[in-house]
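Q: I need the structure of the sequence given here:
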Amino acid sequence: MLDLLTKPWPWYIAGPLIGLTVPALLIMGNKSFGISSSLRHVCAACLPSGIPFFQYNWKKEAWNLFFVFGIFIGGLIAGHYLISPDPIEISPVLAAELAGYGITDFSNLVPVEIANWDTLFTLKGFILMIAGGFLVGFGTRYAGGCTSGHAIMGLSNLQVPSLIATICFMIGGIVMANFILPHILSL
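A: This next block holds a predicted model:
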């Protein structure tokens, strides 16, 4: 049983469980699965109502905030109690490639050489964390949702815009990982 909690689940278990969230949300309350809209709900709750984008009944979507809070709490619990203290296992070929960029510490989910306060104030850190975060946030709003909203919920509802968005997400990820990221890591 402990092995089930400390090791990654195979795709044929995790995938259907994620996929079952779509009908569960629809059956339990006609709700759509997605995370990116929760930031808008928080802003609508906290900011003055003078901004038209935040003038809507955010309380109707409060369930989404509880869902995101549950993800956060679940991550904290898993990180404290369920994550193995062993270093993250990655392919030896990938480890050798990353070593060429100076990335050798795999004791965390994100290598320390990439995400830390000292790196944040370098050109590489600024591009990866600040510019990358901005582009992800902007792209999410521009596409009308995030990968979970489009690829999981939108595709299961046979929405053509979600298919287009998911194709663009995949192309962008492939281009970034194979052509752009190596140049950024070599800075």
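
Q: Name the next helix or strand downstream of the helix or strand hosting residue 63, please.
A: Assessed by DSSP states H and E, residue 63 sits inside helix 62-77. Counting by DSSP H and E, the next helix or strand C-terminal to helix 62-77 is helix 92-99.

Q: And the contacts of that next one?
A: 90, 104, 106, 111, 185 (Cβ atoms under 8 Å, 6 or more residues apart in numbering). Yep, even glycine has a C-beta here, placed from its N, CA and C like the rest.

Q: returning to what we had before: show me what counts as buried in the helix holding residue 63.
A: 64-65, 67-68 (16 or more other Cβ atoms under 10 Å).

Q: Residue 184 against residue 128, yeah?
A: Yes: under the criterion of Cβ atoms under 8 Å, residue 184 makes contact with residue 128 at 6.3 Å.

Q: Need the CA coordinates for stretch 146-155. CSV is fine.
A: The C-alpha atoms that make up stretch 146-155 are tabulated as CSV, following Å, rounded to 0.1, in the frame of the first residue of the first chain:
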residue,chain,number,x,y,z
CYS,A,146,-5.2,26.3,-19.5
THR,A,147,-4.2,22.8,-20.6
SER,A,148,-6.4,21.2,-18.0
GLY,A,149,-9.4,23.2,-19.1
HIS,A,150,-8.9,22.6,-22.8
ALA,A,151,-7.1,19.3,-23.1
ILE,A,152,-9.2,17.5,-20.4
MET,A,153,-12.5,19.3,-20.3
GLY,A,154,-12.7,20.9,-23.7
LEU,A,155,-11.6,17.8,-25.7
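
Q: Please enumerate residues in contact with that stretch?
A: Residues contacting stretch 146-155 (Cβ under 8 Å, 6+ apart): 18-19, 21-22, 32-37, 140, 143-145, 159, 161-163, 165-166, 169.

Q: Can you say which of these are buried?
A: 21-22, 32-37, 140, 143, 145, 162, 165-166, 169.

Q: In helices only, show me those residues.
A: 21-22, 37, 140, 162, 165-166, 169 (DSSP state H).

Q: just curious, which of these is nearest to residue 100?
A: residue 169 (27.5 Å; Cβ to Cβ).
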